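Asks: Any chance you can model this:
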Amino acid sequence: MPNRAARRGPVVIGGPSRAEDAREIEAAILAQWEAWNSGHPFRESDFTPESDYVTFDGTELHGVEENRRLHDALGRGVLRGSRLTGEVRRIRFVTDDIAVIHSTGNLQLRFHRRPRPSRNSVQTMMMRRTPSGWKIEAFQNTRIRRPGPMARLLVRLANSL
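Replies: I've put the predicted structure just below:
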């Protein structure tokens, strides 16, 4: 995944009047990644109390407490010392106080010398403006996978009909 510095910033849908909100949203997401890279895989303050989270393998977490428990365990275990890289690609304002954000990322395990393409993911977030800033209401992380041989064959066959 390219690092954030490689781009000028996310595509913002909602007009130039949303530029400050977009900067705040992007800063909140980047702060999350920085916290992860500093050994803090979960920051409760980034999420609303009732937030939903769907992990890369489809596990559903409901509420900030379930999310915290899982990420704290992962941060002490298999993901200890891992690093997140990525970029915020798109921010679309649905209302004045709700935004849908798409980002890409890669979780590099501590024993990997560089990010592995097999760990590339795309994230979809819904964030809500609160009195204390933009918070995540819903988050889904999906591993990016190339279709396997059978799926490619089926697509080819469907296209030939």
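
Asks: For the most centrally placed residue in the chain, give me its contacts.
Replies: Nearest to the mean C-alpha position of the chain, by C-alpha atoms, centre = their mean, lies Gln123 at 3.8 Å. Going by C-beta atoms under 8 Å, 6 or more residues apart in numbering, Gln123 touches Gly86, Ile101, His102, Ser103, Thr104, Gly105, Phe139, Gln140, Asn141, Thr142. Every residue, glycine included, has its C-beta placed from N, CA and C.

Asks: Spell out the secondary structure type for the third one.
Replies: The three-state label for His102, taken from DSSP: H, G, I helix; E, B strand; the rest coil, comes out as strand.

Asks: Let's test this: mean pLDDT of the helix or strand Leu154 falls within, rounded?
Replies: Here Leu154 sits within helix 149-160, counting by DSSP states H and E. Helix 149-160 shows a mean pLDDT of 86.

Asks: before we move on, what about stretch 90-104?
Replies: Averaged across stretch 90-104, pLDDT comes to 95.

Asks: got the contact list for it?
Replies: Here stretch 90-104 makes contact (C-beta under 8 Å, 6+ apart) with 1, 10-14, 18, 21-22, 25-26, 29, 86-89, 120-129, 134, 137, 144.

Asks: Buried residues of the helix holding Leu154, list them for me.
Replies: For helix 149-160, the neighbour count (16 or more other C-beta atoms under 10 Å) marks no residue as buried.
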